[in-house]
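Engineer: Everything below, folded, please.
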Amino acid sequence: MLGFKLSEEQQMLRELARDFAMENVRPKAEKWDLESQFPLDAIKEAHSLGLTNLHIPEKYGGPGMGVLEEAIVGEEMSWGDPGFGTAQYSNGLTAAPIITGGTEYQKEKYLRMLAEKPLIASYCVTEPGAGSDVSAIKTTAVLEGDYYILNGSKMWITGAGQAEWFFVLAYTDQTKGYKGMSAFIVESGWDGVELGKKETNMGQRASDTRGVTFTDVSVPKENLVGGVEGMGWMNAMKAFDYSRPVVAAQAVGISRAAYEHALHYSNERQSFGKKLHEHQSIQFILADMKTKIEASRLLCWKSAWEADNGIRNTESAAHAKRFSADACMEITTDAVQVFGGYGYSEEYPVARLMRGAKVLQIYEGSSQVQRMIIGREMLKGL
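Structural biologist: Model prediction:
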């Protein structure tokens, strides 16, 4: 039987996340963005309330919840602030390939590390010359005795300046193409790990984004993810089936925030002797926003539900991520339009929401890459 009613536990989780975002995120969001300040104290508070690392199994100290629960929380966190939503979810993408493909040693050590303390882990795949084209990465890992010697540079790494450890994709055999890629867990304090400067981004400035360089880093063999070479690509890509529904949910949260601000403003501001929402042109803009939000959330929940029930969700996750991200950009832009000149001012939150929305069309697979995935999936049966 098909149903959309949340369980009592899910409803309570949603309310907890919403209250947290209202009390601990929104009042500080403007300052975090203006000063490019990483919201570590708020992340620590979220961790203490059990609002982070939801997907880590109970066996390793986590709540053992599903992707749907992460999506529910992710929507509320990004409703609070786009940058905070991204910053607090860094562990989500990074831990996913360890959960699905790590060894027991790796899970016990590195997942438990995140579950027990409010620490950050970062996903290191993108490089200066390899964004959507992951096969173009240049980072290499060469086995010498009991260690792999890692060399290469990564770029645009979320949470890098705060990370305790990194999930790093590198070539162990470049002659095999993507089948020659392996993944490693690299601790940030090891010799040869160097952080770049924090990037000054268009939006989501609360998130710490920077480059990471690995120079002759000695990585123990036991930190080869899964203990087998050549599984890096599959582990890295499989993680997106779990993370993209949550990123889609973040887009829903930002969209919802922009819509609510626009709706309330349209009830306060008058033009030509009427409230803004009494003008059909404005009312139609608001109605389209609402439709896109509802559709985005349904796509997000469907792909999350499939992931939690063992159903391959590669295509549905791509639908959710693509549609929600594009809709979010449209909705935040329309919110600025409803505010008019005030919307273009940083004194009003819709400007920050619009700046924060753009990156959702880029990271974790651009909207164009999502279309490629959808195209590939839909043509398989021909």
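
Engineer: So for stretch 58-75, what gets flagged as buried?
Structural biologist: Neighbour counts using 16 or more other Cβ atoms under 10 Å place 60-63, 65-75 of stretch 58-75 among the buried residues. The way it works is simple: take the backbone N, C-alpha and C, and place the C-beta from them, glycine included.

Engineer: With stretch 226-233 instead?
Structural biologist: With the criterion 16+ other Cβ under 10 Å, stretch 226-233 contains buried residues G226, E229, M231, G232, W233.

Engineer: And stretch 367-375, by the same measure?
Structural biologist: Under 16+ other Cβ under 10 Å, the buried positions of stretch 367-375 are S367, V369, Q370, I373, I374.

Engineer: Please apply the same query to stretch 195-203.
Structural biologist: L195, G196, K198, E199, N201, G203.

Engineer: Take those and write them to JSON lines, including secondary structure, distance to W79 and pLDDT.
Structural biologist: JSON lines is the format used below for these (DSSP: H, G, I helix; E, B strand; the rest coil; distance: Cβ to Cβ, whole Å; pLDDT from 0 to 100):
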{"residue": "L195", "secondary structure": "strand", "distance to W79": "30", "pLDDT": "97"}
{"residue": "G196", "secondary structure": "coil", "distance to W79": "31", "pLDDT": "95"}
{"residue": "K198", "secondary structure": "coil", "distance to W79": "25", "pLDDT": "93"}
{"residue": "E199", "secondary structure": "coil", "distance to W79": "24", "pLDDT": "92"}
{"residue": "N201", "secondary structure": "coil", "distance to W79": "20", "pLDDT": "92"}
{"residue": "G203", "secondary structure": "coil", "distance to W79": "15", "pLDDT": "92"}
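
Engineer: And those residues, which is closest to Q283?
Structural biologist: G203 (28.1 Å; Cβ to Cβ).

Engineer: For the closest one, what are phi and psi?
Structural biologist: phi -140, psi -180 (degrees, to the nearest 10).

Engineer: Could you do I56 as well?
Structural biologist: Dihedral angles for I56 - degrees, to the nearest 10 - are phi -70, psi 130.

Engineer: Can you tell me which of the buried residues of stretch 58-75 is closest to A262?
Structural biologist: Using Cβ to Cβ, the buried residues of stretch 58-75 come closest to A262 at E75, 17.8 Å.

Engineer: and that closest one, what helix or strand is that in?
Structural biologist: Assessed by DSSP states H and E, E75 sits inside helix 67-80.

Engineer: top helix in the protein by residue count?
Structural biologist: Counting residues, the longest helix found in the chain (DSSP state H) is helix 232-268.

Engineer: Quick one: residues in contact with the very next helix or strand once past it.
Structural biologist: Once the chain leaves helix 232-268, the next helix or strand it forms, by DSSP H and E, is strand 270-271. Outside strand 270-271, the residues within contact range by Cβ atoms under 8 Å, 6 or more residues apart in numbering are L276, H279.

Engineer: show me where this protein has helices.
Structural biologist: 8-20, 26-35, 40-48, 67-80, 82-88, 90-101, 104-106, 112-116, 232-268, 280-308, 314-339, 349-357, 367-378.

Engineer: one step back: just the closest of the buried residues of stretch 226-233 to V217, please.
Structural biologist: Scanning these for proximity to V217, where the rule is Cβ to Cβ, the winner is G232, at 15.8 Å.

Engineer: list the contacts for that closest one?
Structural biologist: Here G232 is in contact with L169, A170, T172, M181, S182, A183, V225 (Cβ under 8 Å, 6+ apart).

Engineer: Out of those, flag the one nearest to A318.
Structural biologist: Distances from A318 to the contacts of G232, taken by Cβ to Cβ, are shortest for L169, at 20.1 Å.

Engineer: Check the gap between the closest one and M12 for me.
Structural biologist: Distance, L169 to M12, by Cβ to Cβ, to the nearest Å: 37 Å.

Engineer: For these two, indicate the residue with more neighbours.
Structural biologist: The residue with more neighbours, out of L169 and M12, is L169; 29 against 11, by other Cβ atoms under 10 Å.

Engineer: Quick check: chain neighbours aside, which residue is closest to that one?
Structural biologist: V125 (4.7 Å; Cβ to Cβ, 6 or more residues apart in numbering).
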